[in-house]
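K.L.:
Whatever this is, show me its structure:
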Amino acid sequence: MITKRRFLMALASLAGAVTELAHAQSEDYPRRPIKLIIGFAPGGSSDATVRTFALELERQLGQPIVVENRAGATGLVAMESFAHARPDGYTLMMLSNVSLSALHVARKPLDMDKRFTPIGMFSATRVILVVNPKMIDVRDLAGFTDYVRRHPDLHYTSAGHGGLGHLGMELWSRASGLKLSHVPYRGTAPALEDVRGGRVPIMVLDANAALPLVEAGVLRAVVNVSSQRSPAMPDLPTALELGVPSLQIDGTIGLVAPPATPAPILDRLRSAIRQGTESEAFAHAARGTGAVKRYMDAPEYGAWLLKESERWGGVIREIGLDRGG
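P.N.:
As a prediction, this is how the structure comes out:
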């Protein structure tokens, strides 16, 4: 008959063996292909950026990266499913900060410790404000602000209701005391087509997406609304440079692991993402998708995500988006 003491000793021995095995598996990670979940639909610029970086991760980790698109609800479908992934390093997710805003719109808590563990940021997009010059003849932020002040019935559009373009303009409107009405579209393409066609005069969008129309004179770039200038339009100043910090919209993508992922695996992934962003091959390929490399290691990235969540959550609550406003 097994005594209670023997049973407890056997249980402790088994737990120790499992711990040693898990540690050994962590030390030689990765040993098989890695699944990478992304919350974007296939074919878009964000999807292209992620797939570009996935190739770099393959080179760094020595294993295939299998990309799986789980689009829906601005990234929430992917995020909700990822929270239940096994913390073994073989299921990872590319996180857009747009999804953090979507959490607030859906009235869901961030609960970062329960949803994911930050590994690092690797990419950012540069966002600009453009106008149709046949509808609004302005050339800079000062002229645009004055025009909006004199025409309170103006409309603008972005890639979607509750997205960063929408929220960024709402934040600026409140800080400046001016009013613009948002016309939401489902995606950049249909919104851009209506601005081009003269149905909506103003839009906030990715600089690379706007570049061909700006060069052709169909649209006019008024100001860069990201924290840094765009390589596609290096002469266009940022609103931050012009003393308007409220008009700052940064779209970013980073890599996260499931909660409770072992430290050795996280360290391996942090090293891979750091080396990947230092690669000239990635920098060159990213420019082709409209992205620029922007690296943050895990601690800084985690703090930045919390700050972003608080910033946009405040705007969402103020304008009532979390109540269907």
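K.L.:
distance of residue 288 from residue 64?
P.N.:
The gap separating residue 288 from residue 64 is 22 Å, by C-beta to C-beta, to the nearest Å. No exception for glycine: its C-beta is placed from N, CA and C like everyone else's.
K.L.:
Kindly report the same for residue 183.
P.N.:
43 Å.
K.L.:
who's more crowded, those two?
P.N.:
Just comparing residue 183 and residue 64: by other C-beta atoms under 10 Å the higher neighbour count belongs to residue 183, 18 against 13.
K.L.:
pLDDT wise, what is the closest residue to residue 30 other than its chain neighbours at?
P.N.:
Leaving aside its sequence neighbours, residue 30 sits nearest to residue 63 (C-beta to C-beta, 6 or more residues apart in numbering; 4.6 Å). pLDDT, residue 63: 97.
K.L.:
backbone phi and psi for residue 63, please?
P.N.:
Torsion angles at residue 63 (phi, psi; degrees, to the nearest 10) stand at phi -140, psi 150.
K.L.:
show me what contacts the nearest residue to residue 297 once chain neighbours are set aside?
P.N.:
Computed as C-beta to C-beta, 6+ apart, the closest residue to residue 297 that is not its neighbour in sequence is residue 120, at 5.5 Å. For residue 120, the contact set (C-beta atoms under 8 Å, 6 or more residues apart in numbering) comprises 254-255, 269-270, 273-274, 277, 295-298, 301.
K.L.:
repeat that for 7 Å
P.N.:
Residues in contact with residue 120 (C-beta atoms under 7 Å, 6 or more residues apart in numbering) are 254-255, 270, 273-274, 295-298, 301.
K.L.:
And the residues you listed, which two are furthest apart?
P.N.:
254 and 274 (12.2 Å; C-beta to C-beta).
K.L.:
more crowded one of those two?
P.N.:
Taking other C-beta under 10 Å, residue 254 and residue 274 do not tie; residue 254 has more neighbours (26 against 16).
K.L.:
could you pull out the strands for this protein?
P.N.:
Using DSSP state E, the strands found in the chain span residues 34-38, 65-69, 91-96, 117-125, 127-131, 155-158, 181-184, 202-206, 220-224, 251-257, 291-297.
K.L.:
For the fifth one, enumerate the helices and strands it packs against.
P.N.:
Think strand 127-131. Where contact means 3 or more C-beta pairs under 7 Å, 6 or more residues apart in numbering; DSSP states H and E, strand 127-131 is packed against strand 202-206, helix 207-215, strand 220-224.
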